[in-house]
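**Q** here is my input; please provide its structure:
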Amino acid sequence: MSSEEFKEWGYAVIDWIADYHETIESRPVRARVKPGEIREKLSPHPPISGEPFDRILEDMETIILPGITHWQSPSFFAFFPANVSGPSILGELLSSGIGVQGMIWATSPACTELETHLMDWLVSMLDLPRKYISTGSGGGVIQDSASSAALCALLAAREEATKQVSNHTGCTMPLACYASSQAHSSIEKAVRIAGIGSDNLRIVDVDSSFAMIPADLERKMRRDCEEGIQPFFVVATIGTTSSNAMDPLRKIGSICRDMGVWLHVDAAMSGTAAVCPEFRFLFDGLELADSFCFNPHKWMFTNFDCDCFFVARKASLIHALSILPEYLRNRASQTGEVIDYRDWQIPLGRRFRALKLWCVIRHYGIEGIRFHVRKHVDLAQRFAKWVNESDDFELTAPVPLNLVCFRHVNGDDFNQELMDTLNNSGDLYITHTRLEEHLTLRLCVGQTNTELSHIEHAWDLIQKTAFDLVRKSR
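**A** Residues are numbered from 1 along each chain as shown. Got it, this is the predicted structure:
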């Protein structure tokens, strides 16, 4: 593709993306295709000769879009936000256009230094503990996801617990790690990948608000010690996936500090809320954590993938993950004056992820980000108030931020049918979880362009659909 062709089709693609976002509300939020339907429309063989780019854009409209669930729709209330913004898309385009491989400082100094500087910005923006600043013993790095952050934290904790032995001889010590029953499934996956084993993951009880019970954590840890099993890793969650529960960090952190156990705090979705001073009480005790992560690709208007991961002791992370083959040796790294982020993550290679987040922060500014976060929380609180005032619906969990867990009083089967009917309508998309063994509906507010009108329409549709289902059942 020549430069002139690239310009022509580049303009066309930008126009296509802009038109897509402008018309997204006219599309059914959830894809309505059947399994295999998209593949049936695709050519069975790759083209022998290249095709004109306009054919590709045509197929985007006729083949790909019908199979897209529109996460950027303002009526997307499922799972968690995965919001994007114009600055983020343009930043990703710049990153793709430059096409650097930022595995070590020497392969693109700006890729590394912008990321380091940006992570220090975030420490200030979110009022995180100063021990996460890069000029000290800690620092931050952008991972692809909170799942990778959890695995990296667990590996660093394992190496500290075994005094840097398990990477070389295998982990022969009996080790145990701890997370609440509401923790993300990525924690168990990390335990498996790291060779600790699911049987050595202790599930800690939760209270009526679905937050971890510190007394049960301490009880399980001390019992393991009595049985010759060493506790080494605890995960606390600020904003669990199911219910947005907030684990009590200070009490958990004090237990971990007393017992010399690594505390990792997973704030994948809710971490962005710390940009607003009025929500920082949820992070009380974070200074006791050894690592912390949150996802700008969930609620900070930055497209996937972008997880911000901070550690208090970067040396522990590097010791756990660093391998230095001859072909990566270079003078800059040997001076010790630069950061090689390949040593802070699982893969060797890395994209220039910092560029898109940098574009977002510079475009919106701190106040711009705060404005949207506050708006989303306000919309969720309004929805929760409507549910609480209804005779037919009930809240099933506290609503600290932007996730509302609720259900119709008619039971699990009715709620399942209600959710399926709503999602099949194409007008909105919600998902479910189970809390205290009951099916619970989840409405998560966080897409970039969601307004009060979308929340009002969702509530009206939910009530009307429930009324119709009740009438039909009679």
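
**Q** where does the stretch 1-150 of the chain dip in pLDDT?
**A** The stretch 1-150 of the chain contains no residues with pLDDT under 70.

**Q** show me where it has strands.
**A** Assigned by DSSP state E, counting those that start in this stretch, the strands in the stretch 1-150 of the chain fall at 139-143.

**Q** before we move on, what about the stretch 151-300 of the chain?
**A** 175-180, 201-204, 230-237, 262-266, 291-294.

**Q** looking at these, which is closest to R442?
**A** Closest approach to R442 among the strands of the stretch 151-300 of the chain (CB to CB): strand 230-237, 15.8 Å. Where you see a C-beta, it was placed from the backbone N, CA and C, and this is true even at glycine.

**Q** that closest one - contacts with which helices or strands?
**A** Secondary structure elements in contact with strand 230-237, counted by 3 or more CB pairs under 8 Å, 6 or more residues apart in numbering; DSSP states H and E, are helix 146-161, strand 175-180, helix 214-226, helix 249-259, strand 262-266.

**Q** quick one: strands adjacent to it?
**A** According to DSSP bridges, strand 230-237 forms sheet pairs with strand 175-180 (parallel), strand 262-266 (parallel).

**Q** mean neighbour count and distance to G97 added to those, as CSV?
**A** Shown next, in CSV, are the strands paired with strand 230-237 (neighbours: other CB atoms under 10 Å; distance: least, CB to CB, whole Å):
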stretch, mean neighbour count, distance to G97
strand 175-180, 26, 40
strand 262-266, 27, 33
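
**Q** what's the closest of those to H117?
**A** Among those, the nearest to H117 by CB to CB is strand 262-266 (23.0 Å).

**Q** who touches the closest one?
**A** 146, 149-150, 153-154, 156-157, 160-161, 183-184, 187, 232-238, 249, 252-253, 256-257, 286, 288-293 (CB atoms under 8 Å, 6 or more residues apart in numbering).

**Q** average pLDDT for that strand?
**A** The average pLDDT for strand 262-266 rounds to 98.

**Q** which of the three states applies to the closest residue to I98 other than its chain neighbours?
**A** Distance criterion CB to CB, 6 or more residues apart in numbering; nearest residue to I98, sequence neighbours excluded, is F352 at 6.4 Å. F352 falls in the coil class when you classify it by DSSP: H, G, I helix; E, B strand; the rest coil.

**Q** closest to T116 out of the strands paired with strand 230-237?
**A** strand 262-266 (21.1 Å).

**Q** ok now that closest one, how far from the chain's centre?
**A** 15 Å (CA atoms, centre = their mean, to the nearest Å).

**Q** same thing with stretch 354-362?
**A** Taking the mean of its C-alpha atoms, stretch 354-362 sits 17 Å from the chain's own mean (CA atoms, centre = their mean).

**Q** give me the contact list for it.
**A** Stretch 354-362 is contacted from outside by 85, 87-92, 94-95, 98, 111, 114-115, 118, 121, 125, 142, 296, 300-303, 306, 369, using CB under 8 Å, 6+ apart.

**Q** buried subset of these?
**A** Restricting the contacts of stretch 354-362 to buried positions leaves 85, 87-92, 95, 111, 114-115, 118, 121, 125, 142, 296, 300-303, 306, 369, with burial counted as 16 or more other CB atoms under 10 Å.

**Q** list the contacts of V13.
**A** L57.

**Q** now swap in W9 and tell me
**A** Here W9 is in contact with M1, F53 (CB under 8 Å, 6+ apart).

**Q** just put the strands of the stretch 151-300 of the chain in JSON lines and tack on distance to V311.
**A** Compiled in JSON lines, these are given as follows (distance: least, CB to CB, whole Å):
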{"stretch": "strand 175-180", "distance to V311": "17"}
{"stretch": "strand 201-204", "distance to V311": "21"}
{"stretch": "strand 230-237", "distance to V311": "13"}
{"stretch": "strand 262-266", "distance to V311": "9"}
{"stretch": "strand 291-294", "distance to V311": "5"}
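
**Q** returning to that earlier point: I'd like the helices and strands packed on strand 230-237 written out as TSV, with distance to T465 added.
**A** Shown next, in TSV, are the helices and strands packed on strand 230-237 (distance: least, CB to CB, whole Å):
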stretch	distance to T465
helix 146-161	33
strand 175-180	33
helix 214-226	40
helix 249-259	39
strand 262-266	34
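
**Q** where exactly do the helices run in the stretch 301-450 of the chain?
**A** Under the criterion DSSP state H, counting those that start in this stretch, the stretch 301-450 of the chain contains helices at 314-321, 331-335, 354-388, 412-425.

**Q** for the first one, the averaged confidence score.
**A** When pLDDT is averaged over helix 314-321, the result is 93.

**Q** so what does it touch, helix or strand wise?
**A** Against helix 314-321 (3+ CB pairs under 8 Å, 6+ apart) you get helix 146-161.

**Q** and V204, what are its bridge partners?
**A** In this entry, V204 is beta-bridged to S180, by DSSP bridges.

**Q** quick one: pLDDT of it?
**A** Per-residue pLDDT puts V204 at 97.

**Q** what about it, how many neighbours?
**A** Neighbourhood size, V204 [other CB atoms under 10 Å]: 25.

**Q** these two touch, right, it and I213?
**A** Yes - the pair V204 / I213 is scored as a contact, 6.6 Å apart, by CB atoms under 8 Å.

**Q** any weak-confidence spans in the stretch 301-450 of the chain?
**A** Within the stretch 301-450 of the chain, no stretch falls below the threshold (pLDDT under 70).

**Q** who are the contact partners of S134?
**A** Neighbouring residues of S134 by CB under 8 Å, 6+ apart: T116, M119, D120, G140, I339.

**Q** which one among those gets closest to R329?
**A** Distances from R329 to the contacts of S134, taken as CB to CB, are shortest for I339 (15.9 Å).

**Q** so the closest one versus A332, what's the distance?
**A** Using CB to CB, to the nearest Å, I339 is found at 10 Å from A332.

**Q** those two - which one has more neighbours?
**A** Neighbours were counted for I339 and for A332 using other CB under 10 Å; I339 has more, 20 against 14.

**Q** what sits against the more buried one?
**A** Residues near I339 by CB under 8 Å, 6+ apart: W105, T112, T116, S134, G139.

**Q** which neighbours do I339 and A332 have in common?
**A** By CB under 8 Å, 6+ apart, I339 and A332 have these common neighbours: W105.

**Q** if we can go back for a sec, and the residue nearest to I98, how many neighbours?
**A** Using other CB under 10 Å, F352 has 24 other residues around it.

**Q** and it, how far from V141?
**A** 13 Å.

**Q** and V404, by the same measure?
**A** Using CB to CB, we find V404 at a distance of 33 Å from V141.

**Q** could you do K163 as well?
**A** Applying CB to CB to K163 and V141 gives a distance of 24 Å.

**Q** more neighbours: which of those two?
**A** Neighbour tally, K163 and V141, criterion other CB under 10 Å: the higher count belongs to V141, 27 against 8.

**Q** can you pull the contacts of the closest residue to the more buried one other than its chain neighbours?
**A** Among residues not flanking V141 along the chain, W344 sits closest, at 4.2 Å (CB to CB, 6+ apart). By CB under 8 Å, 6+ apart, the residues touching W344 are V141, C152, F309, K314, L317, I318, L321.

**Q** nothing else from me, thank you.
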